[in-house]
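1. After the sequence you'll find the predicted model.
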Amino acid sequence: MNEKLQILKMLEEGKINAKEASELLEAIEPTKLEKDAISISDEYKKKYLKIRVYDNKENKSSVSVNLPISLVKPGVKLAMKFNPELSHTGLSENNFKDILSAINSEIEGEIINITTDNGKQNVKVYIE
């Protein structure tokens, strides 16, 4: 069953209300950036978006996430829709747009490097 039908079925069953259904339907629609994007190569789809949060005081990684490129676009789109600033991560909506742009351009290497929490943590996002 496709995503739109699943959302409508959840609405019909009373699992979500009309406003939530509308937000979900909007979230699964392609963004302008995605509509304008050139499809990425099969070789690039094999790469991973890697997110590392380093604890600068202890000089070690406290969070390590590896996401297949093929899953990043839908995940980023949903994250931007439901929590555009994602302040707890230190990443803004523009950072997520930068990530999507890097993927669409098949860029490799470091994309984002942010120091957060008064210099206590460093967030690095890169593609390998």
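-> Thanks, I have it.

2. And the helices in this protein?
-> Per DSSP state H, the chain carries helices over the ranges 3-12, 18-28, 32-36, 42-45, 69-82, 93-104.

3. Those: which one's closest to Ile112?
-> helix 93-104 (5.5 Å; C-beta to C-beta). Backbone N, C-alpha and C define where each C-beta goes, glycine included.

4. Distance to Ser62, mean neighbour count and mean pLDDT for the helices of the chain - can I get that in a markdown table?
-> Below are the helices of the chain laid out as a markdown table (distance: least, C-beta to C-beta, whole Å; neighbours: other C-beta atoms under 10 Å; pLDDT from 0 to 100):
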| stretch | distance to Ser62 | mean neighbour count | mean pLDDT |
| --- | --- | --- | --- |
| helix 3-12 | 34 | 14 | 88 |
| helix 18-28 | 29 | 13 | 85 |
| helix 32-36 | 30 | 11 | 52 |
| helix 42-45 | 29 | 11 | 85 |
| helix 69-82 | 20 | 16 | 69 |
| helix 93-104 | 19 | 17 | 81 |
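
5. Tabulate the ones you listed (JSON lines), appending distance to Thr116.
-> Shown next, in JSON lines, are these (distance: least, C-beta to C-beta, whole Å):
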{"stretch": "helix 3-12", "distance to Thr116": "33"}
{"stretch": "helix 18-28", "distance to Thr116": "26"}
{"stretch": "helix 32-36", "distance to Thr116": "25"}
{"stretch": "helix 42-45", "distance to Thr116": "29"}
{"stretch": "helix 69-82", "distance to Thr116": "17"}
{"stretch": "helix 93-104", "distance to Thr116": "11"}
